[in-house]
Every structure is written in structure tokens, then in C-alpha cells.
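A.B. asks: A predicted structure for the sequence below; I have some questions about it.
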Amino acid sequence: MKLSSSTLYNKMNRRSFLRTGGWLLGSAAVSPLILKSQTVAGNGRPGANGRIGIGLIGTGLIMGGHLNAYASSERCDVLAVCDVHQGRLEAARRRVEASSGKSPAAFHAYEELLMHPGIDAVVIGTPDHWHAALAIAAMRAGKDVYVEKPMTLTVGESKAMVAAQKRYGRVLQVGSQQRSDQRFRKAATMVRNGWIGDIKAVHAGLGNFPPPLLQAEEPIPEGFDYDRWLGPTPWVPYFRERALGDYSGGWRCFWDYGSRKNGDWGAHHFDIIQWALGRDHTGPTRFVPKGFEGEPYQYHEYADGIRVIRDHPDRRGHMIRFIGTKGEVMVSRTGLASDPVELARAPLSVSDERLYESDNHRENWLDCIESRGTPICDVKVGHRTASICLLAGIAERLERPIEWDPKSEQIVGDNAATRMLDRPRRAGYALPV
């Protein structure tokens, strides 16, 4: 017999409640892992000898690195995992136990995880369409947040997250981890300090996903709450590649859940470009899709004429190529190069501007949880980068350019495009405030 989503949800809740010892009742048998001697309270700062309690929400492929890092860390404890897919949930619980020697609580519903008394911070590794709701709910519950990139699915959600972070005062890190890579930091520093002169253009390699082809409806796997996975998006028939696919594309191919390659590699590379150009709190003014009036490449352009061209083939074998009036800088996750070649090896001078230094994105987040400082890719930075990804996607879908006012954060003179800055949410999945 096939269970309805609500029946499955209730059964899973009961199982997870029983499996974790009914901690909401304050049982005397609660594990010491949950009742930490030092917790983050009030100001969000662990006490002396305290360890940060972590909850992981969404335990698919992207969460693998986070799980390994936090479960083996001496600074924190992974106290709970959460997923709407029972198989993935159990696998994550076992992996945490194998790595840390401590068994975390396992929840089907993120609302239960946020009520866990020992959790100080959460990592969100769900598909993009859940990012905003989970992050806002977590901040409202007093938790600090690490949310995978891109920060949100819509510009409207992104603005709501900025407002929520200001309202609740939590530490939020966006998973644009190239900012914590010394190669990208050096490239951004070189550009910011004018080592290659005035920037004329930037090339960024994003690649392509296959088109979001529809397939025949398939049975929903046992133990998978597909209705809750869809969440705020429209209900549509299930097939595996829509919801449970991996980096061959999967859910990232579909506009309802992501922003395709703009939100995949674009969220990384556009972020570094923003950083290098010194425009973390502003953005481009025009977005042009590939194919418009014969345009061979997608690009976006800043008010001063700097054009960021997607997938231009002449990137000298790197992910990003900055082209200046006095030289070039090329950077990827495997190396840094320049023309003239000696620039990449040159040290900074005493007068050069120093950029925020982080050598480990996750550790930077933990540092800021303890210090209540601002992480290297905070909510405002993530908002501006996400906006670029999402606006490029709007231009792509409309197959025409859009004009953007980065000061007012409004699309200029295009009502159809303006309506795409946010999306209707399915009944029962209103965005938290």
C-alpha cells in the first residue's frame, strides 16, 4: 500500500522520535552528546571548553564534505541530521557515528531539528528552492547558518534572507568557498590593486547542463517524502532525475529548483569576480543571454563597461581570466597564472590593499560563530552574487536582455522580468519572517 505524504511524514516523525530517545520529554536517559555542559546561549558564543552543536539539513551529495569535516572536528559536535529521504538520512547518521563515535539524532522534519536543545548552528545542503525558508527559520530559532551556494532561488528570497539576518543577528556564511582559497584571493588582490591596469573584460567558464527534459512518471521510492521535497514549488509527477539525480544535472537542470549553470559554477566564479572588482555590495546593470541578435556568449555588464563573458573559449585553460590594460590574471582551483608571468609570483607591497583572509571556509564560519564576527561570504555578499546568477537566468529564460538598477535592486522597464524576481509559493510553504 502506498502511503500518503502526510501519513509517511507522521510515521517517520514517530520513528525518529523513538529512535532518538524522546529527548523533547527531557528523558533522564538522554545522551550526554545532546546535553552539552557548555552551550551557545543568548549571544551565540560557546562558553569555556564549549563545542559548537551542529545540525545538518539535507544529506545528499553536497553535504558529504561538510559531514566529514564537522563530524571529525575538535571544535564541534554533529548532534543531528535531517533529510526527507529515509535512506539518505540513515546513511548520514551512520557516517557521523563512524567518524565521531557519537550517534546523532535523525529527523525527517527540519522543524524538529531546530527544536533540539543542543544545536547552535545548522548547515543547509538542500536543493536551492529550500535554502531561504530553512535559513530564515534557523535564524529565527537562534541558530547560526552555513547555506550552500547560490544563497537562494529568487531575488525576493535573497532580500528576505538579508532582512532576517539583520533582524536576528545570526552569523551566516554562504558556501562560496573559493573566497577561502589563496589562489583566488591572490588573483582578486592583484586585480583590486591595479596590477594589470584597468579591467576591460572577464571570461568565466561555467559549462552547460542538458536541457530539463521531462520523463515518464515513476513510482515514488519508499521512504521518500517527495511532496515535502517539492516544498514551495508546484506539484509535478515524480521521476528520479528530477529529485534524486546527482551532478550529471539532476534537480539543477530544472528552473523550479535551481538556476542551472548560473547557480552552479556561476555562483562560484561570479562571486570571485565581484570580489576582485570591489563590487560586493553592488552589481551589473545589464544581462544579455546567449543567442540574442546573434550574440555568441551570455554576458553581464557593469555601468563602467566591464563585461563578464560566460564560456568564452579563450580562458588560457583556467576558470576565470581577467583582462586588463597592462596584463592578465588567470585563476582556477588548480593554479594561478599571469601575463607578465612574474606578477603571479610577486609579493604584495606595503601600500597594497589586503583582502579578507580565510584559508578554510568552514573554519572561518566556526571562528565567526565564536567571535560573533562577519564571515568572508556573509549574507550581503551572498545576496549580490545570487542576484547576478538569478538575473542572468531571467534573461536566459526570456531570451532577451534585461536592465538592472543595482542601487534600487529593480529591473528597469520590463514588467514580465520584474515578476520573475520572485515566485509564488505552494500553499503551506510560506516563507518564514
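C.D. replies: That came through fine.

A.B. asks: other SSEs contacting the host helix or strand of Ile309?
C.D. replies: Ile309 belongs to strand 307-310 when assigned by DSSP states H and E. Packing partners of strand 307-310 (3 or more C-beta pairs under 8 Å, 6 or more residues apart in numbering; DSSP states H and E): strand 199-204, helix 265-277, strand 299-301. Using the backbone N, CA and C atoms, a C-beta is placed for each residue, glycine as well.

A.B. asks: Pick the most deeply packed of the ones you listed.
C.D. replies: helix 265-277 (a mean of 25; mean count of other C-beta atoms under 10 Å).

A.B. asks: Show me what that helix packs onto, helices and strands only.
C.D. replies: For helix 265-277, the packing partners by 3+ C-beta pairs under 8 Å, 6+ apart are helix 182-192, strand 199-204, strand 307-310, strand 320-324, helix 379-398.

A.B. asks: mind redoing it with 6 Å?
C.D. replies: On a contact count with 3 or more C-beta pairs under 6 Å, 6 or more residues apart in numbering; DSSP states H and E, helix 265-277 meets helix 182-192, helix 379-398.

A.B. asks: Would you mind pulling the contact partners of the first one?
C.D. replies: Which is helix 182-192. Gln178, Ile272, Trp275, Ala276, Gly278, Phe322, Val329, Val331, Leu336, Glu353, Leu355 (C-beta atoms under 6 Å, 6 or more residues apart in numbering).

A.B. asks: Dump those into CSV; add distance to Gly65 and pLDDT as well.
C.D. replies: Output for the contacts of helix 182-192, formatted as CSV (distance: C-beta to C-beta, whole Å; pLDDT from 0 to 100):
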residue, distance to Gly65, pLDDT
Gln178, 14, 98
Ile272, 19, 98
Trp275, 22, 98
Ala276, 25, 98
Gly278, 30, 98
Phe322, 28, 98
Val329, 27, 98
Val331, 21, 98
Leu336, 23, 98
Glu353, 31, 97
Leu355, 24, 98
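
A.B. asks: Apply the buried test to these and list what passes.
C.D. replies: For the contacts of helix 182-192, a neighbour count by 16 or more other C-beta atoms under 10 Å gives the buried set as Gln178, Ile272, Trp275, Ala276, Phe322, Val329, Val331, Leu336, Leu355.

A.B. asks: What is the nearest of those to Ala201?
C.D. replies: Taking C-beta to C-beta as the measure, Ala201 sits nearest to Phe322 out of these, at 8.3 Å.

A.B. asks: Report the contact partners of the closest one.
C.D. replies: Here Phe322 is in contact with Val191, Val202, Val329 (criterion: C-beta under 6 Å, 6+ apart).

A.B. asks: gap between it and Leu213?
C.D. replies: According to C-beta to C-beta, to the nearest Å, Phe322 stands 36 Å off from Leu213.

A.B. asks: same thing with Val84?
C.D. replies: Taken as C-beta to C-beta, the span from Val84 to Leu213 is 24 Å.

A.B. asks: Surely Asn364 touches Tyr356?
C.D. replies: No. Between Asn364 and Tyr356 there is no contact under C-beta atoms under 6 Å: 8.9 Å.

A.B. asks: which stretch of helix or strand covers Val122?
C.D. replies: Assigned by DSSP H and E, Val122 falls in strand 121-124.

A.B. asks: just the helices in the stretch 101-250 of the chain please.
C.D. replies: 110-115, 131-140, 155-168, 182-192, 226-230, 240-243 (DSSP state H, counting those that start in this stretch).

A.B. asks: tally of neighbours for the nearest residue to Asp367 once chain neighbours are set aside?
C.D. replies: Excluding the flanking residues, the one nearest Asp367 by C-beta to C-beta, 6 or more residues apart in numbering is Gly373, at 7.0 Å. As a burial measure, Gly373 scores 11 neighbours (other C-beta atoms under 10 Å).

A.B. asks: And the pLDDT for Gly373?
C.D. replies: Note for Gly373: predicted pLDDT of 98.

A.B. asks: Assign a three-state SS to it, would you?
C.D. replies: coil (DSSP: H, G, I helix; E, B strand; the rest coil).

A.B. asks: how close does it sit to Glu301?
C.D. replies: Here the criterion is C-beta to C-beta. By it, Gly373 lies 34 Å from Glu301.

A.B. asks: cool, His281 as well?
C.D. replies: Here the criterion is C-beta to C-beta. By it, His281 lies 18 Å from Glu301.

A.B. asks: Below-threshold pLDDT in the stretch 101-250 of the chain: ranges please.
C.D. replies: For the stretch 101-250 of the chain, the stretches with pLDDT under 70 are 246-248.

A.B. asks: who touches Tyr421 in this structure?
C.D. replies: You called it Tyr, but residue 421 is Leu. Residues counted as contacts of Leu421 (C-beta under 6 Å, 6+ apart) are Val155, Gly156.

A.B. asks: please redo it, this time with the cut-off set to 10 Å
C.D. replies: Residues in contact with Leu421 (C-beta atoms under 10 Å, 6 or more residues apart in numbering) are 154-159, 387, 390-391, 394, 409-411.

A.B. asks: Using the three-state scheme, assign it.
C.D. replies: coil.

A.B. asks: got a pLDDT number for it?
C.D. replies: Each residue has a pLDDT score; the one for Leu421 is 98.

A.B. asks: Next, work out how far apart it and Ile272 are.
C.D. replies: 24 Å.

A.B. asks: on that earlier part again, would TSV of the helices and strands packed on strand 307-310 with distance to Ser100 be doable?
C.D. replies: TSV is the format used below for the helices and strands packed on strand 307-310 (distance: least, C-beta to C-beta, whole Å):
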stretch	distance to Ser100
strand 199-204	38
helix 265-277	29
strand 299-301	43
